[in-house]
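Asker: Provide a 3D model corresponding to the input given below.
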Amino acid sequence: MNGLEQSVLSARPDFKAIAGWVRPDSTVLDLGCGDGTLLKYLKETRNARGYGIDIADANVLACVKNGVSVIQSDLERGLAGFDAGSFDCVILSQTLQAVRHTEQIVLEMLRVGREAVVSFPNFGRWDLRIQLARGRMPVSDELPYEWYDTPNVHLFTIADFESFCSGHGIRVLERVALNRGRPVRVLANVFGSTAVYRIEKRP
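Answerer: Numbers count the residues shown, from 1 in each chain. Okay, the predicted model is just below:
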């Protein structure tokens, strides 16, 4: 493991699961790509090629510095600029909970990509449930914001996401639940802090 890979995986353990599902030489679209770290990592480890999309000026500049092709755009306006099946994989990592048009974005991901990978914090973890039972909105390492400054507009759990998929004709191909970077194999919705899904639209 080189220095870049080690630093990336320590900061974002969900990237390992995402990278493991991206086939070598794939075309990738990374939505809400931030500074382009994931795309850079996929390029170096999977020989992936593609684009990132982000609206923030600072993130677009950071992508350019990282050698990542980036389009400045607002995800909330959809992906109408891309034809169906334009990419092998469309990725939305740790962003789904912060977008307003959740249903539209997920379905657009599955229109533009042959499959999609989504990661998000699990609001159903046991310690968060305890905080709610005590009458307070939960705060954790994965959810460090207070109720008044959080960018998260949708609070949902692993069970909620799987119900959403079932109701929208979406097939779950693979799922990994993580806690402190380690896989959770039992009671994922209770003990998992982060969930990563590989999904596709049912024919």
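Asker: How many neighbouring residues does the nearest residue to S26 once chain neighbours are set aside have?
Answerer: With sequence-adjacent residues excluded and distances taken as C-beta to C-beta, 6 or more residues apart in numbering, S26 is closest to D88, at 4.1 Å. (Each C-beta comes from the backbone N, C-alpha and C, glycine too.) Other residues near D88 come to 18 when the count uses other C-beta atoms under 10 Å.
Asker: Can I get the helix or strand that contains D88 in PDB? Just the C-alpha atoms.
Answerer: Per DSSP states H and E: D88 is located in strand 87-93. Only the C-alpha atoms of strand 87-93 are listed here, as PDB (Å, rounded to 0.1, in the frame of the first residue of the first chain):
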ATOM      1  CA  PHE A  87     -20.800   5.500 -17.600                       C
ATOM      2  CA  ASP A  88     -20.000   2.100 -16.200                       C
ATOM      3  CA  CYS A  89     -20.400   3.400 -12.700                       C
ATOM      4  CA  VAL A  90     -21.900   6.500 -11.100                       C
ATOM      5  CA  ILE A  91     -20.700   7.200  -7.500                       C
ATOM      6  CA  LEU A  92     -22.300   9.300  -4.800                       C
ATOM      7  CA  SER A  93     -20.200   9.000  -1.600                       C
END
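Asker: Which is the succeeding secondary structure element to that strand?
Answerer: Strand 87-93 is succeeded, C-terminally, by helix 102-112 (DSSP H and E).
Asker: Please point out which parts of that next one sit buried.
Answerer: In terms of neighbour count (16 or more other C-beta atoms under 10 Å), helix 102-112 has its buried residues at 102, 105-112.
Asker: go on, stretch 131-149?
Answerer: 138, 142-143.
Asker: Which residue in this protein shows the largest distance from the geometric centre?
Answerer: Note on the chain: the largest C-alpha distance from the chain mean falls to R134, namely 29.5 Å (C-alpha atoms, centre = their mean).
Asker: Mind picking the one among the buried residues of helix 102-112 that's closest to E162?
Answerer: Nearest to E162 among these: V106, at 12.7 Å, using C-beta to C-beta.
Asker: Mind pulling up the pLDDT for that closest one?
Answerer: We have a pLDDT of 96 for V106.
Asker: and if you look at I55?
Answerer: 93.
Asker: Leaving out the residues flanking it, which one is nearest to it?
Answerer: D74 (5.0 Å).
Asker: ok, now how distant is the one you found from C165?
Answerer: 25 Å (C-beta to C-beta, to the nearest Å).
Asker: more neighbours, these two?
Answerer: C165 (17 against 10).
Asker: helices or strands next to the host helix or strand of the more buried one in the packing?
Answerer: C165 belongs to helix 158-167 when assigned by DSSP H and E. Judged by 3 or more C-beta pairs under 8 Å, 6 or more residues apart in numbering; DSSP states H and E, the packing partners of helix 158-167 are strand 170-179, helix 188-191, strand 194-201.
Asker: and among the ones you listed, the most buried is which?
Answerer: Among the helices and strands packed on helix 158-167, strand 194-201 has the highest mean neighbour count (mean count of other C-beta atoms under 10 Å), at a mean of 22.
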